[in-house]
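1. I would like to see how this sequence folds:
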Amino acid sequence: MSSHKKKNSNSIQEIEEMATQPETESLAGAARPEAESWRDLALRLQAERLTYRRRQQQYTEERITEEQNRLLREFLEVADNLEEALSHIERDDPLYRGVQITYDSLCNLLHREGVEPFSAVGQPFDPQYHAAVALVPAPPTQEEELVVIAEEQRGYQRGEQLLRPARVIVAQREQAA
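-> Predicted coordinates:
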């Protein structure tokens, strides 16, 4: 066993001597820039991977929001139809109560999802939020160029995002000759 220890001891001593030799030090010095280059590459790849992951997460969240908004717009059509049905049913008809409950339930669902109607009547016409279905002459007292005077179909937004513009009738001030 002592010959084995002696052999190992010699091997370690030989390695230590080789490590202190000038040629070994120059090889290690030459390898440093390459090692740093590989380290830099690894760091850049890691940063790119994190950036890619963030972009993918943002893209996924945007697609989910778009799909939710598409579905909510479909519900708005159902709400419009229920509202129209209510306008044609007598209040004392038992059917009225059933349609009203359904309409209220749908409106509550939309509200929970952040969908809210916005007011258009009396507001200056804004093509971002209003779709003009008719243009009529304005009363002489109107100061604005274009003002919404009636709403054919209510507009809705979800937070700051427009889901559906209001379909409106707009009063236009007479042009001075």
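2. ok, Ile101 to Leu82 distance?
-> Ile101 sits 10 Å away from Leu82, going by C-beta to C-beta, to the nearest Å. Where you see a C-beta, it was placed from the backbone N, CA and C, and this is true even at glycine.
3. neighbour count: the two, which is higher?
-> With neighbours defined as other C-beta atoms under 10 Å, Ile101 and Leu82 compare such that Leu82 has more, 18 against 10.
4. contacting residues around the residue nearest to that one when sequence neighbours are not counted?
-> Excluding the flanking residues, the one nearest Leu82 by C-beta to C-beta, 6 or more residues apart in numbering is Tyr103, at 4.1 Å. Tyr103 sits next to Ala79, Leu82, Glu83, Leu86 when contact means C-beta atoms under 8 Å, 6 or more residues apart in numbering.
5. which residue packs closest to the third one, ignoring adjacent ones?
-> Taking C-beta to C-beta, 6+ apart, and ignoring the residues beside it in sequence, Glu83 has Tyr103 as its nearest neighbour in space, at 6.4 Å.
6. and the one you found, which of the three is it?
-> helix (DSSP: H, G, I helix; E, B strand; the rest coil).
7. pLDDT score for it?
-> pLDDT for Tyr103: 97.
8. nearest residue to the middle of this structure?
-> Glu62 (3.9 Å; C-alpha atoms, centre = their mean).
9. distance of it relative to Gln161?
-> 11 Å.
10. tell me which residues in stretch 93-107 are buried?
-> Residues of stretch 93-107 classed as buried by neighbour count (16 or more other C-beta atoms under 10 Å): Val99, Tyr103, Leu106, Cys107.
11. alright, calling it a day.
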